[in-house]
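Student: I would like the atomic coordinates for the input below:
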Amino acid sequence: MKTLRKTLTTLLNALAGLSLLAMVGLTCWQVFTRYILQNPSSWSEELVSYLFAWASLLGASLITGERGHMNIPVLVERFSPAVQKAIAIFGELIAFAFSGIILGFGGLQITQLAMGQMTSSLGVAVGVFYIVMPICGVLNMIYTILNIADICKGAPAEK
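Tutor: Numbering: from 1, shown residues only. This is a model prediction of the structure:
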């Protein structure tokens, strides 16, 4: 399980780094074409916004893998260790359900609907950019299963 977690995290970190580099490069290109060439690049602006959405969702999956999602430790720390473990597992189950229903199922539905719609500047089906939702849904579900296994073993959150 540690190998799977490490592989997924390494892959997501690489994708996050590449998307950041691509966004910086494309933004520099936008500035160059707008102010130096006096002919703004519309496709690069659209691609940067889609890359930002991808980076955000993939980053959320990374946070899920680290069990770094929002919580209120002041409240939870008042309970016994057994209750804390149960609350942590319950939180992971909620994250699993959200990922499966909203990101997985809902993301797949919206992706299929958007495949017939083209982006204005890039000429690519919008669904291609929406596919990140079900992908992240599956990634989050994998991470929550790994997190539940770690919680049951008493392992601390990955950082």
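
Student: CA atoms of the helix or strand Phe52 falls within as CSV?
Tutor: With elements taken from DSSP states H and E, the one containing Phe52 is helix 42-65. Included here for helix 42-65 are C-alpha records, laid out as CSV according to Å, rounded to 0.1, in the frame of the first residue of the first chain:
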residue,chain,number,x,y,z
SER,A,42,-6.3,34.1,-26.9
TRP,A,43,-5.7,30.4,-26.9
SER,A,44,-3.0,30.6,-24.3
GLU,A,45,-5.2,32.4,-21.8
GLU,A,46,-7.9,29.8,-22.2
LEU,A,47,-5.4,27.0,-21.8
VAL,A,48,-4.0,28.6,-18.6
SER,A,49,-7.4,28.7,-17.0
TYR,A,50,-8.0,25.0,-17.8
LEU,A,51,-4.6,24.1,-16.5
PHE,A,52,-5.3,26.0,-13.3
ALA,A,53,-8.5,24.0,-12.8
TRP,A,54,-6.6,20.7,-13.4
ALA,A,55,-3.8,21.8,-11.0
SER,A,56,-6.4,22.7,-8.3
LEU,A,57,-8.2,19.4,-8.5
LEU,A,58,-5.0,17.3,-8.7
GLY,A,59,-3.7,19.3,-5.7
ALA,A,60,-6.8,18.5,-3.8
SER,A,61,-6.1,14.8,-4.4
LEU,A,62,-2.6,15.3,-3.1
ILE,A,63,-4.1,16.9,0.1
THR,A,64,-6.5,14.0,0.4
GLY,A,65,-3.5,11.6,0.2
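
Student: show residues contacting that helix.
Tutor: Counting by Cβ atoms under 8 Å, 6 or more residues apart in numbering, helix 42-65 makes contact with 5, 8-9, 12-13, 15-16, 19-20, 22-23, 26-27, 29-30, 33, 69, 95, 99, 119-122, 129, 132-133, 136, 139-140, 143-144, 146-147, 158, all of which sit outside it. In this view, the C-beta of every residue, glycine as well, is placed from N, C-alpha and C.

Student: rerun that using 7 Å as the cut-off
Tutor: With contact meaning Cβ atoms under 7 Å, 6 or more residues apart in numbering, helix 42-65 is reached by 5, 8-9, 12, 15-16, 19-20, 22-23, 26-27, 29-30, 69, 95, 119-122, 129, 132-133, 136, 139-140, 143-144, 158.
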